[in-house]
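[1] Everything below, folded, please.
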Amino acid sequence: MAFSKDDERFMRRALALARRGSGKTSPNPAVGAVLVRNGRIIGEGWHKRVGGPHAEVFALRAAGLGDRLSAIRNRSRRRTPVTSRRPPITALYGTMEPCSTWGKTPPCTDAIIAAGVKRVVVAALDPNPKHNGRGLRILQRAGIRVDAGLLADEATAMNEAFDKWITTGLPFVIAKAAMSLDGKIATRTGDSKWITSAAARHEAHKLRAQADAVMVGANTVIRDNPQLTVRHGVRGRQPWRVVVDARGRSSRKARLFTDRFRHRTIVFTTRLSSSRWRRVLTLQNVIVIVVPARRGRVDLRVALQELGGMELTSVLVEGGSELLGSLFDARLVDKTVVFYAPVIIGGRDAVTAVAGEGVPRVTKAIRLVDCRCRPIGKNEMLVEARVAR
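    Have a look, this model is predicted:
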């Protein structure tokens, strides 16, 4: 299918709208939609929050078609036509295939059909195996022209966490590190504040606001006593906080277990931790989940399955090096985000970003693809990449 310049222009607008909902719609995807009549945008919208109207519905409302949506809500679930004398809508541009089933909201396919849309252009199909392509087939059977695949890569990248979670049940795992140019995240004495600048920390907190959960290991809790809250001038939702502590070494008085967000803190531990430690945390309103031990450590795949079952689609892992190493060893990381500071720390005993067992040979190294670099502040660099599969 050859798309026109106008097609691309309208879809880029839909993508820009979808980004407004990024980090706010989980476990739903971020979606944008644009309605066009005779080459002019007459309505646009984006999915704003889980349980709320979808992007297509907001676009139809903006175009003054709320009466047709009311007709859909007030009738039975049978797909019956809603007639109108209004001129037909030339096209609807959506970043993802419209939903086709009843859930917390009516199917968007019904609304599109009732609105008299003549053509639907979508970027990406719904990755849910139960829905993939179904919405487009419903629209085609209703006589609507359907074209798919316009700017699909950009739309898919925007919802990479949703795509993995809906197809595997596992959250999308992002390994984040802030390090010196020689790969150190702390000195030989354990000092780590601050390797990177305030500008880098601002970017890191933007990542937090986009994630469903932030994960750290016991060593990080013991050494840094972190808050894992969204700060440094960033406004956004507070993610769940996850601590991996197989033996219950973290202090029960740590900030994560005593502050106002303690009820949104999850601890994964094993039977190697004391029952008293687990009980005290539970009484402090911390969620404690006991999972099997694997070589004396938390079975991270099981922990991620638990998070996926809680509808958490993305996890930002902020350390420490042992936790990151274990996740890489288990091939559970999907993406890396590394902040490089223009400093050299050195020292054979200084802490490296990724510990664990590592690989025996370079040929077995974990390969990264789609690497992107951009400057942060005056002298720092942010490198993002996906783990090759």
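[2] for stretch 202-214, the distance to its chain's centre please.
    How far stretch 202-214 lies from its chain's middle: 10 Å, per CA atoms, centre = their mean, to the nearest Å.
[3] Just the buried residues of that stretch, please?
    203-214 (16 or more other CB atoms under 10 Å). C-beta: built from backbone N, CA, C; applies to glycine.
[4] Stretch 328-347 now?
    328-329, 332-341, 345.
[5] Over to stretch 235-248?
    In stretch 235-248, counting by 16+ other CB under 10 Å, buried: 239-248.
[6] Do you know the pLDDT at Asn74?
    pLDDT, Asn74: 56.
[7] picking up where we left off before, take the buried residues of stretch 235-248 and write them to CSV, including secondary structure and pLDDT.
    Shown next, in CSV, are those (DSSP: H, G, I helix; E, B strand; the rest coil; pLDDT from 0 to 100):
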residue, secondary structure, pLDDT
Pro239, coil, 96
Trp240, strand, 98
Arg241, strand, 98
Val242, strand, 98
Val243, strand, 98
Val244, strand, 98
Asp245, coil, 98
Ala246, coil, 97
Arg247, coil, 97
Gly248, coil, 97
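[8] ok, those residues vs Leu283, which is closest?
    Gly248 (14.6 Å; CB to CB).
[9] How about the contacts made by that closest one?
    Gly248 sits next to 269, 272-274, 277-278 when contact means CB atoms under 8 Å, 6 or more residues apart in numbering.
[10] just Ala178 next, same as before
    Contacts of Ala178 by CB under 8 Å, 6+ apart are 185, 195-196, 200, 204, 338-339, 341.
[11] Just the buried residues of stretch 328-347: which are in helices?
    Counting by DSSP state H, the buried residues of stretch 328-347 place 328-329 in helices.
[12] for the buried residues of stretch 328-347, which one is nearest Leu382?
    When the buried residues of stretch 328-347 are compared for distance to Leu382 (CB to CB), Phe339 wins out at 5.6 Å.
[13] what angle separates the helix or strand containing Val214 from strand 240-244?
    For Val214, the host element (DSSP states H and E) is strand 213-217. Counting by axes from the mean of the first three to the mean of the last three CA atoms, to 10 degrees, strand 213-217 points 20 degrees away from the direction of strand 240-244.
[14] who does strand 213-217 pair up with?
    strand 240-244 (parallel), strand 314-319 (parallel) (DSSP bridges).
[15] mean confidence for the helix or strand following the first one?
    This means strand 240-244. Per DSSP H and E, the first helix or strand lying C-terminal to strand 240-244 is helix 255-258. Averaged across helix 255-258, the pLDDT comes to 97.
[16] Can you point out the buried residues in helix 255-258?
    Buried residues in helix 255-258, counting neighbours by 16+ other CB under 10 Å, are found at 255-257.
[17] So which of the contacts of Gly248 wins on neighbours?
    Greatest neighbour count in the contacts of Gly248, by other CB atoms under 10 Å, goes to Thr269: 26 neighbours.
[18] thought that residue was touching Val298?
    Yes: taking contacts as CB atoms under 8 Å, Thr269 lies within contact range of Val298: 6.8 Å.
[19] Mutual contacts of those two, please.
    The contact lists of Thr269 and Val298 share 245-246, 291, where a contact means CB under 8 Å, 6+ apart.
[20] What are the buried residues along stretch 373-380?
    When neighbours are counted by 16+ other CB under 10 Å, the buried residues of stretch 373-380 are found to be 376, 380.
[21] Need the contact partners of it.
    196-200, 203, 339-342, 381-384.
[22] Taking those, tell me the two that lie furthest apart.
    Of all pairs drawn from those, the widest gap by CB to CB lies between Ala198 and Glu384 and measures 20.1 Å.
[23] and those two? which has more neighbours close in?
    For Ala198 and Glu384, the more surrounded residue by other CB under 10 Å is Glu384, and the numbers stand at 17 against 10.
[24] then the host helix or strand of the more buried one to CSV, C-alphas only?
    Using DSSP H and E, Glu384 falls within strand 380-387. Extracted in CSV, the C-alpha atoms of strand 380-387 (Å, rounded to 0.1, in the frame of the first residue of the first chain):
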residue,chain,number,x,y,z
GLU,A,380,27.2,13.8,29.5
MET,A,381,25.8,11.2,27.2
LEU,A,382,22.7,9.0,27.3
VAL,A,383,22.8,5.7,25.4
GLU,A,384,19.7,3.6,24.8
ALA,A,385,19.5,0.3,23.1
ARG,A,386,17.4,-2.9,22.8
VAL,A,387,18.6,-6.3,23.7
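[25] I'd like the distance from that strand to the chain centre, please.
    The answer for strand 380-387 is 17 Å, by CA atoms, centre = their mean.
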